[in-house]
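Student: Sequence and predicted model, in that order:
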Amino acid sequence: MSERWVDYFSASMKGKRLLEYAVGHWTYSMQLYYQIRKYVPPPARILEIGCGLGLSSIYLRECGYEVTAVDKSAEVIKMARISAEMLSSTPLIEQADALDMRNYYNCYDLCFSVGVVEHFERGVTVRLIEEQRKCAQYIIAVVPSKYTSYVADITDERIYTARGLKKIFKDAGLGQISSFGYGDIPSSFHVWMKYFLPFGAYRLLQNHFSYTMGIGCVGKSKG
């Protein structure tokens with residue numbers, strides 16, 4: 001599994017400098033960062049699960065947050081630490097198993113993951129969210145929508161709607177659950193809809209009807 005992600009990130013970076021790739025990543029993820037700031041403004045404590053190259057953690061660190069980034073793969077952790085060093089940032093980057101986060105319980109204001117929980121059976125996904133709930137007051141998880149097939153093959157990902165992801169959050173013991181979407185679908189029909197629809201109607205399609213590339217949920221711990 002770890003080799004798969006090393007290969008994935010290496011392929012994504014092919015032909016690009018780190019800063020060029022990072023700017024694209026940050027631009028695409030602005031709706032996620034908006035949601036994080038909405039619930040916990042800096043200098044809140046942030047935990048990222050499955051950090052990949054660490055680019056979101058680096059961005060949030062530079063926005064004034066106290067950030068810890070974890071990943072199960074030692075190879076991926078090395079890549080994230082190289083990213084942080086090259087971009088002169090100082091998030092704490094550590095190796096950890098998302099199914100056993102006891103060393104991080106009750107230490108954070110918000111925990112988030114992007115492209116992580118959908119790679120597991122639903123029951124395991126609920127357990128992952130439960131572990132995150134023990135770490136932070138607010139939980140955000142982002143998964144790909146069915147429209148990800150426009151840009152990449154769907155492999156082991158479980159595809160959820162906003163409604164389905166919200167049900168997982170509820171089953172994991174979270175409350176005050178809301179959903180949001182972001183990412184333009186690369187189709188001419190989508191371009192037409194975005195151009196002609198009022199902004200509020202377009203955001204309604206993204207946030208509640210899963211017409212978007214990424215689907216996110218926010219929940220609050222009841223504890």
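Tutor: Arrived safely, thanks for sending.
Student: OK, contacts around the residue lying farthest from the centre of the chain?
Tutor: Largest separation from the mean C-alpha position in the chain: residue 196, at 29.2 Å (Cα atoms, centre = their mean). With contact set as Cβ atoms under 8 Å, 6 or more residues apart in numbering, residue 196 has no partners. (Glycine included, C-beta is placed from N, CA and C.)
Student: How much space separates it from residue 148?
Tutor: Residue 196 sits 24 Å away from residue 148, going by Cβ to Cβ, to the nearest Å.
Student: Also residue 39?
Tutor: Taken as Cβ to Cβ, the span from residue 39 to residue 148 is 25 Å.
Student: can you check residue 82 too?
Tutor: Residue 82 is 27 Å from residue 148, by Cβ to Cβ.
Student: who has more neighbours, those two?
Tutor: residue 148 (19 against 14; other Cβ atoms under 10 Å).
Student: then the one helix or strand residue 219 maps to to PDB, C-alphas only?
Tutor: Secondary structure assignment for residue 219, by DSSP states H and E: strand 214-221. C-alpha atoms of strand 214-221 as PDB (Å, rounded to 0.1, in the frame of the first residue of the first chain):
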ATOM      1  CA  GLY A 214     -14.700  16.500  -3.700                       C
ATOM      2  CA  ILE A 215     -17.300  15.900  -1.000                       C
ATOM      3  CA  GLY A 216     -16.600  17.000   2.500                       C
ATOM      4  CA  CYS A 217     -18.400  16.600   5.900                       C
ATOM      5  CA  VAL A 218     -17.900  18.500   9.100                       C
ATOM      6  CA  GLY A 219     -19.000  17.000  12.400                       C
ATOM      7  CA  LYS A 220     -18.600  17.900  16.100                       C
ATOM      8  CA  SER A 221     -17.800  15.600  18.900                       C
END
